[in-house]
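Undergrad: Provided below for reference: sequence and predicted model.
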Amino acid sequence: MGRSSKDKRDIYYRLAKEEGWRARSAFKLLQLDEEFNLFSGVNRAVDLCAAPGSWSQVLSRKLRGEEEKGVKGEGDEEVKIVAVDLQAMAPLPGVTQIQGDITKVSTAQEIIRHFEGQPADLVVCDGAPDVTGLHDVDEYIQAQLLLAALNITTHVLKPGGTFVAKIFRGKDVTLLYSQLKIFFSGVTCAKPRSSRNSSIEAFVVCQNYSPPEGYVPNMSNPLLDHCYDVDFNQLEGPNRVIVPFLACGDLSAFDSDRTYPLQLEAGKQYQYTPPTQPPIRPPYQQACHLRKNNLLSREDAPSAFPIRVKMRQSNKLSPPDPSDCPDLWNKHRESSWTKGKTSFWPMRWWMWIQHNPA
């Protein structure tokens, strides 16, 4: 599979590189803005879980008018943008970076300090856990991350402000909607066109921040309890919270689930574009280095062969014929993998070959 394969399969991935965005997720925020006019009157914005920085790029370009297609504008000095993430992120013009934990009070205090004591007009969060493929588990973990983002938002967002965050839609999403509605008078679930239909992700656009009377933000206690006259146990049947669902993006825009040819315009030659900004010290960096140098190894070899096994990269679609290696085949037949078993021997032979040291 060549480097251009993903360009062909994912049009927004290709466009992100061509337009200088760090990730395809930039188009999601742009399409949300088309529908909700998120950036109108915004001078102070916070990007939570910001790495690699595509949403911070959107904020910088839209609010400051800088760094578009590599050309710097004058920028608006009154605009302040703060990006927060646990991971390091390459610098962006006009964006102040905080490498911190969004569950810490100190992080909220540092955000306010950068705003010179003023609260934020807009808080966005595109953070998500590494998905497992188990939708119930992914939805729960994402909900906890969103609540953490909401918690710090209550520390830094001004009354009447806007909060935008990723959400995984599932059967229990009503509870999350109810919690958001306690703090915002308007809550809408939106699905940008650049978000794949096969994905359960969507985005909640929460407008007009108005916390309950007497609410005091506190990181050390649970965000929500039952003191606000909301009985979440009754949110079933006709009592379920109904949140408007909106598809964002022009109908003529590219379809994120469709494969497009590499040559979109007649007479224009396709040219591969590398990513705008590679990740800084990603957690998988060492594993990639070991794999490229064929150095990955395992200590947990099968019990029949308790030795260090070198994992080999192979392009073979089938195991070698037993007649080509009779000694190895006889050893395999007497191993615990196959002895006493007569069915599916080709599969066992293949698995055994994969674990047998060269």
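TA: Yep, that arrived. Residues are numbered from 1 along each chain as shown.
Undergrad: next one, pLDDT for the closest residue to Y260 other than its chain neighbours please.
TA: Nearest residue to Y260 in three dimensions, chain neighbours excluded: I11, at 4.7 Å (CB to CB, 6 or more residues apart in numbering). Every C-beta, even on glycine, is put in place using the N, C-alpha and C of the backbone. You'll see I11 listed with a pLDDT of 85.
Undergrad: can you pull the contacts of I11?
TA: Contacts for I11 (CB atoms under 8 Å, 6 or more residues apart in numbering) come out as F254, D255, S256, R258, Y260.
Undergrad: what's the closest of those to T132?
TA: Ranked by distance to T132 (CB to CB), these are led by S256 at 21.9 Å.
Undergrad: wait, that closest one sits on Y12?
TA: Yes - between S256 and Y12 there is a contact under CB atoms under 8 Å: 5.7 Å.
Undergrad: joint contacts of these two?
TA: Listed as contacting both S256 and Y12 by CB under 8 Å, 6+ apart are S194.
Undergrad: so where's the chain shaky on pLDDT?
TA: Counting by pLDDT under 70, the chain contains low-confidence ranges at 1-8, 66-77, 219-242, 263-265, 267, 297-358.
Undergrad: for it, what spans make up the strands?
TA: In the chain, the strands defined using DSSP state E lie at 44-48, 80-85, 95-99, 120-125, 157-168, 184-192, 201-209, 245-248, 297-298, 309-310.
Undergrad: can you add mean neighbour count and give the ones you listed back as CSV?
TA: Shown next, in CSV, are the strands of the chain (neighbours: other CB atoms under 10 Å):
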stretch, mean neighbour count
strand 44-48, 29
strand 80-85, 25
strand 95-99, 19
strand 120-125, 26
strand 157-168, 21
strand 184-192, 20
strand 201-209, 21
strand 245-248, 16
strand 297-298, 10
strand 309-310, 15
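Undergrad: now those as JSON lines including distance to Y140?
TA: Below are the strands of the chain laid out as JSON lines (distance: least, CB to CB, whole Å):
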{"stretch": "strand 44-48", "distance to Y140": "19"}
{"stretch": "strand 80-85", "distance to Y140": "22"}
{"stretch": "strand 95-99", "distance to Y140": "27"}
{"stretch": "strand 120-125", "distance to Y140": "17"}
{"stretch": "strand 157-168", "distance to Y140": "9"}
{"stretch": "strand 184-192", "distance to Y140": "18"}
{"stretch": "strand 201-209", "distance to Y140": "15"}
{"stretch": "strand 245-248", "distance to Y140": "21"}
{"stretch": "strand 297-298", "distance to Y140": "31"}
{"stretch": "strand 309-310", "distance to Y140": "36"}
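Undergrad: farthest pair in the contacts of I11?
TA: Across these (CB to CB), the longest gap, 10.4 Å, separates S256 and Y260.
Undergrad: those two: which is more packed in?
TA: Using other CB atoms under 10 Å as the criterion, S256 and Y260 rank with S256 on top: 21 against 15.
Undergrad: list the residues that contact that one.
TA: D10, I11, Y12, R193, S194, S195, R196, N197.
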